[in-house]
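**Q** My questions are about this predicted structure, shown below with the sequence.
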Amino acid sequence: MDPRVEKIRREFKPKVKPIEWRGDKLVLLDQRMLPFETRYVEARTVEDVATAIRDMVVRGAPAIGITAAFGMVIALSEKTIDNIDDALKTLSLARDILSKTRPTAVNLFWALDRMYNKALSLVSTTSSVRELREGLEEEAKKIFEEELEAEIRIGLYGAELLEDGDTVLTICNAGGLATGTGLGTATAPIYVAKMMGKDVSVIAPETRPWQQGARLTVYELVNNGIRTTLIADTALGLVMYKRMVDIVMVGADRILLDGHVFNKIGTLNEAILAHEFGIPFYVLAPTSTIDPKSNVDSVKIEERDPDEVRTVRTSQGKVYVTLKDIQVYNPVFDVTPPKYITGIITEKGVATQPLSVNLRKLLKNI
Ligand SMILES: CSC[C@H]1O[C@H](OP(=O)(O)O)[C@H](O)[C@@H]1O
């Protein structure tokens, strides 16, 4: 075991816990209300979990996966189940409900498949519904712990790319709120570099329409003592033109084996601008975000409620910034071709160009 991993695990104490498992329910920090209010939502049924994911109470690829994993455990406690066959039917229904919440982040489907396959493995050795639930609860906790360890390792790999005095440009929120652990993926190198004594600062774009940057990333980084500057999304080009950025680090919702990366809407813009201005552009994600099966045309890019574009979330609630019935197109992810990506930082190492070759090598080393 890398002593640096244990040191970071001991020393990094995030200020907020986005996801808490309480044995029969999930307590979720309501990310729709941040940074104005700290509210929590309890999820005691599969429908509660599905609603929390669909409505973005909890969001971010790894956090969605972890939440769905515990949703599969909740499925076996929200009602009386008499036998293993009924338990498997209940789990299959829960997987179906949870898989329909959001289409783009692959961690959701990865976690649901892993939990269901674990259930199939458990029922080959027990006919007790109680033992099945206990085994699934342990698996969900393992997913959470593996995610945290992955982020620590991502942080170590990423921190090696950061120099004292660097400014990192992010997008959206790929921090501890997006992964559920408090450390994050794109933010992990920033926290680890700080622990190493490097003075790293961040420029965070607001990331319209849902404002994950303005409302979540700023909130997280400032709470964790990181010097942070908020910019409008439209300022991206100028901050790079003026050389205010040393490196770009973003998260991911789905990474294909050919190197195409699905991430928050606006990531493509940032990648093209970074490429144009010769600024290194890194994607940071656990290998659970790599999708070895899909191709770029088969991935559904989520489109959400038009009112997310028509309004902004403020301390007074949602406020319209346009005509209430204006037609809207609201895709909330985009796809960045591999040619714009310097490297992909995972817990197993950094995949550099050619990504289509080195991503496969990285997965083979797992
Ligand atoms: C660490 S993955 C975070 C990833 O998820 C975000 O999307 P959303 O807020 O809609 O769940 C965004 O794409 C981040 O990069």
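**A** Good, I have the coordinates.
**Q** Only C-alpha atoms from now on, for both contacts and neighbour counts.
**A** OK.
**Q** Domain-wise, how is this structure divided?
**A** Following automatic domain parsing, one gets these domains for the chain: 3-151, 162-364.
**Q** In TSV: those domains, plus mean neighbour count and mean pLDDT.
**A** Listed next are those as TSV, based on neighbours: other CA atoms under 10 Å; pLDDT from 0 to 100:
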stretch	mean neighbour count	mean pLDDT
domain 3-151	19	96
domain 162-364	20	97
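**Q** now these in JSON lines, with distance to the ligand?
**A** Converted to JSON lines, the domains of the chain look like this (distance: least, CA to the nearest ligand atom, whole Å):
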{"stretch": "domain 3-151", "distance to the ligand": "3"}
{"stretch": "domain 162-364", "distance to the ligand": "4"}
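**Q** Report the secondary structure element holding the residue of the chain most remote from its centre.
**A** Checked against the mean C-alpha position of the chain, the extreme residue using CA atoms, centre = their mean is Asp82, at a distance of 36.1 Å. Counting by DSSP states H and E, no helix or strand carries Asp82.
**Q** What separation is there between it and Leu88?
**A** 11 Å (CA to CA, to the nearest Å).
**Q** what's the answer for Ile64, then?
**A** Where Leu88 is concerned, Ile64 sits at a distance of 22 Å (CA to CA).
**Q** swap in Met244?
**A** For Met244, the distance to Leu88 - CA to CA - is 54 Å.
**Q** Kindly report the same for Glu220.
**A** Distance from Glu220 to Leu88, by CA to CA: 39 Å.
**Q** ok, which stretches of this protein are helices?
**A** Secondary structure of the chain by DSSP state H: the helices cover 3-11, 46-54, 61-75, 84-99, 106-122, 129-159, 176-179, 188-195, 218-223, 236-241, 267-276, 307-310, 355-364.
**Q** helices or strands up against the fourth one?
**A** With contacts taken as 3 or more CA pairs under 8 Å, 6 or more residues apart in numbering; DSSP states H and E, helix 84-99 sits against helix 46-54, helix 61-75, helix 106-122.
**Q** got the contact list for the first one?
**A** Just to be clear, that refers to helix 46-54. For helix 46-54, the surrounding residues in contact (CA atoms under 8 Å, 6 or more residues apart in numbering) are 41-43, 58-59, 64, 67-68, 71-72, 74-75, 78, 94, 97-98, 101-102.
**Q** Kindly export it (C-alpha atoms) in CSV.
**A** What follows is helix 46-54, C-alpha atoms only, in CSV (Å, rounded to 0.1, in the frame of the first residue of the first chain):
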residue,chain,number,x,y,z
VAL,A,46,-35.9,3.1,-4.5
GLU,A,47,-38.3,5.8,-5.8
ASP,A,48,-36.7,8.3,-3.3
VAL,A,49,-33.3,7.4,-4.6
ALA,A,50,-34.4,7.7,-8.2
THR,A,51,-36.0,11.1,-7.6
ALA,A,52,-32.9,12.4,-5.9
ILE,A,53,-30.7,11.4,-8.9
ARG,A,54,-33.2,12.6,-11.5
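**Q** That one to helix 84-99, inter-axis angle?
**A** On the basis of axes from the mean of the first three to the mean of the last three CA atoms, to 10 degrees, helix 46-54 is oriented at 20 degrees to helix 84-99.
**Q** ok so, going back, now render the helices of the chain as a markdown table, adding distance to Val283.
**A** Compiled in a markdown table, the helices of the chain are given as follows (distance: least, CA to CA, whole Å):
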| stretch | distance to Val283 |
| --- | --- |
| helix 3-11 | 21 |
| helix 46-54 | 23 |
| helix 61-75 | 13 |
| helix 84-99 | 25 |
| helix 106-122 | 15 |
| helix 129-159 | 10 |
| helix 176-179 | 15 |
| helix 188-195 | 12 |
| helix 218-223 | 19 |
| helix 236-241 | 17 |
| helix 267-276 | 10 |
| helix 307-310 | 26 |
| helix 355-364 | 11 |
